[in-house]
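# Next comes the sequence, and after it the predicted model I'd like to discuss.
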Amino acid sequence: MIQKTTGIVLRVSPFSRTSHVVTWLTPDHGRLTTVVKGALRPKSLFLGQYDLFYRCEVLFYSRERNGAHLIRECSPLDTRPMLRTNWRASVCASYICDLALKVSRPGNESIALFRAVDAGLDLAGNSPSPLVAMLQAELAVLHAIGLSPQLYRCATCGLPVGKAGSEGYGFSCAGGGVLCETCRQKHSHPGVVEVPAASVMLMQHWQRPAAEGDISSPAGPIPDDGTHLVQIGGLLGTFFEYHIHASPLSRRIATDLLH
Ligand SMILES: [Zn+2]
């Protein structure tokens, strides 16, 4: 049976001398792997029809062989040219695609994840700070997979955390977010770190559009001082390690290049 879907190109790998394996993120089939036979032949109908970060319309035969489907046709809906002219934006987008590969599953409907990744790639191309775009996209992906860090209510007792003390907020990656002052003092969680109030406020600011499903336009404020970005980056890195048991090498590379 032939099926039609929309897919974002997450990865293109060589397969035989003239073919490609293309991995897509789709809203209705989750992560979809397709073989593109003869992709590299000079007269291939697929030439220029797909590339990394493109959003395309895809027609494929739904019969799976060795985990891959055979593609029949594809045509680009958005080629995202900004990601090909700005290397920092491209670094950010590459990481977003790698993260999507890690958190997506084949055959699972994943409309929220598709939207988060699609908007994250647009944001990577539009944001004045690709590093901020990367952190915003991470919050949007976490929201899409149901793992948003708790930033307004205490991750232990559920009460609003209120104003931070002079040391900022206690944040527990294992617990899933910020802690109120009482819980912070009552439970001595080994993994609790202190986070300045301004860093938590920035994350709250970026999390709101992520929760509303729209991060496609740059969200201010972008701090002049990179300290908060280093802090938030470190925090989200630990959060990912703890909750998705993965610390992609691509994240370390992107963080090093974008700082
Ligand atoms: Zn509490």
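Good, I have the coordinates. Residues are numbered from 1 along each chain as shown.
# Report the separation between E241 and the ion.
E241 is 24 Å from the ion, where distance means CB to the ion, to the nearest Å. For glycine as for every other residue, the C-beta is placed from the backbone atoms N, C-alpha and C.
# Just list the residues touching that residue, thanks.
C173, S247 (CB atoms under 8 Å, 6 or more residues apart in numbering).
# which element is it on?
With secondary structure defined by DSSP states H and E, E241 is part of helix 227-244.
# residues of that helix that come out buried?
Neighbour counts over helix 227-244 (16 or more other CB atoms under 10 Å) mark 228-229, 231-233, 235-240, 242, 244 as buried.
# and that helix, what's its mean pLDDT?
Mean pLDDT, computed over helix 227-244, is 90.
# do you know how far L123 is from L258?
L123 sits at a distance of 14 Å from L258 (criterion: CB to CB, to the nearest Å).
# Comparing those two, which shows the higher neighbour count?
L123 (27 against 20; other CB atoms under 10 Å).
# how would you label the more buried one: helix, strand or coil?
On the three-state scheme (DSSP: H, G, I helix; E, B strand; the rest coil), L123 is labelled helix.
# For it, which non-adjacent residue is spatially closest?
A133 (4.6 Å; CB to CB, 6 or more residues apart in numbering).
# Tell me which residues touch the one you found, please.
A89, C92, G120, L123, A124, N126, S127, P218.
# if you set the cut-off to 6 Å instead, what comes out?
Residues in contact with A133 (CB atoms under 6 Å, 6 or more residues apart in numbering) are C92, L123, A124, S127.
# what ranges do the strands span in the protein?
2-15, 19-26, 30-36, 55-65, 68-78, 169-172, 177-179, 192-195 (DSSP state E).
# could I get the ones you listed as JSON lines with mean neighbour count?
Below are those laid out as JSON lines (neighbours: other CB atoms under 10 Å):
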{"stretch": "strand 2-15", "mean neighbour count": "17"}
{"stretch": "strand 19-26", "mean neighbour count": "23"}
{"stretch": "strand 30-36", "mean neighbour count": "21"}
{"stretch": "strand 55-65", "mean neighbour count": "17"}
{"stretch": "strand 68-78", "mean neighbour count": "17"}
{"stretch": "strand 169-172", "mean neighbour count": "26"}
{"stretch": "strand 177-179", "mean neighbour count": "25"}
{"stretch": "strand 192-195", "mean neighbour count": "17"}
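# Which one of the ones you listed lies nearest to G48?
With CB to CB, the closest approach to G48 among those belongs to strand 68-78: 8.0 Å.
# Tell me which strands that closest one pairs with, and in which orientation.
Paired neighbours of strand 68-78 in the sheet (DSSP bridges): strand 30-36 (parallel), strand 55-65 (antiparallel).
# what angle sits between that strand and strand 19-26?
70 degrees (axes from the mean of the first three to the mean of the last three CA atoms, to 10 degrees).
# A174 - nearest residue in space that isn't next to it in sequence?
G191 (4.9 Å).
# Quickly note the distance from that neighbour to the ion.
16 Å.
# How about the residues of the stretch 101-250 of the chain by the ion?
Taking CB under 5 Å from the ion as the test, the list of the stretch 101-250 of the chain residues beside the ion reads C154, T156, C157, C180, C183.
# now for these, which pair is the farthest apart?
Longest span within those, CB to CB: T156 and C180, 7.6 Å.
# Now do the contacts for A164.
A197.
# The closest residue in space to T182 that isn't next to it in sequence: how many residues sit nearby?
Using CB to CB, 6+ apart and skipping residues adjacent in sequence, the residue nearest T182 is C157, 7.3 Å away. Neighbourhood size, C157 [other CB under 10 Å]: 13.
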